[in-house]
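how would this look folded up:
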Amino acid sequence: MLNDSSPAVHSPHTHWVPLAGRREPLGPARDRVRDVLAGVVPSVDDAVLVVSELVGNAVRHTTGGPDCLTITIDGDQIVVSVHDPEPDDGRVHLSETAADPLAESGRGLWLVQSLARRWYVETTAVGKAVVAVLPRGKTAVSRAAGS
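Residues are numbered from 1 along each chain as shown. A predicted model of the protein is given here:
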């Protein structure tokens, strides 16, 4: 017999999006984020922008581009991770040129940092993952407005 007083086991749900070998991985990554998060978060725009930046960085700054994207719905947060086959050599960091209003690039991770609760790089068995943890509730715009 089941004990109704026992706590429910929490199990996050992860969606995998293969990106390896795609000439244009941004479109499929954005589409999958929209599909997965529709009805789960008030607005998927923050997550789409974060994923666009992370996938774009993997395309521009790695030899082989991104391997896959994972989207994990875990309680009050959404965790997005872009995996690539290159080791973490310390090159993934906030650009100092983002402070320059005339700079043509270098703002991507600043956007990620402002939209996410936190972001980080983790070493994986086959390279690295750049991870962003987003709130499941209010969007960045509503958080900034204090509503």
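
didn't Asp74 look like it was pressed against His15?
No - contact criterion CB atoms under 8 Å: Asp74 and His15 do not qualify, at 11.9 Å. For the C-beta atoms, the positions are set from N, CA and C on the backbone; glycine is no exception.

what distance separates stretch 12-32 from the middle of the whole chain?
The offset between the C-alpha centroid of stretch 12-32 and the centroid of the whole chain comes to 11 Å, using CA atoms, centre = their mean, to the nearest Å.

List of residues touching it?
36, 48, 51-52, 55-56, 58-59, 64-75, 79, 82 (CB atoms under 8 Å, 6 or more residues apart in numbering).

Same question for stretch 44-62.
Contacts of stretch 44-62 (CB under 8 Å, 6+ apart): 19, 25-26, 29-30, 33-34, 37-38, 41, 65-66, 69, 71, 78, 80, 82, 84-86, 91-92, 108-109, 111-112, 115-116, 130, 132, 134, 139-140.

go with 6 Å
By CB atoms under 6 Å, 6 or more residues apart in numbering, the residues outside stretch 44-62 that reach it are 25-26, 29-30, 33-34, 37, 65-66, 78, 80, 82, 84, 86, 108, 111-112, 115, 130, 132, 134, 139-140.

Mind checking which of those residues are buried?
25, 29-30, 33, 37, 65-66, 78, 80, 82, 84, 86, 108, 111-112, 115, 130, 132, 134, 139-140 (16 or more other CB atoms under 10 Å).

From these, which land in helices?
Using DSSP state H to define helices, the subset of the buried ones among the contacts of stretch 44-62 located there is 29-30, 33, 37, 108, 111-112, 115, 140.

what is the mean pLDDT for stretch 81-91?
The pLDDT scores in stretch 81-91 average 87.

and if you look at stretch 45-65?
The pLDDT scores in stretch 45-65 average 94.

re the thing from before, filter the contacts of stretch 12-32 down to the buried ones, ChimeraX style.
Here the buried members of the contacts of stretch 12-32 are turned into a ChimeraX selection, burial being counted by 16+ other CB under 10 Å:
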select :36,48,51,52,55,56,58,59,65,66,67,68,69,71,72,73,79,82
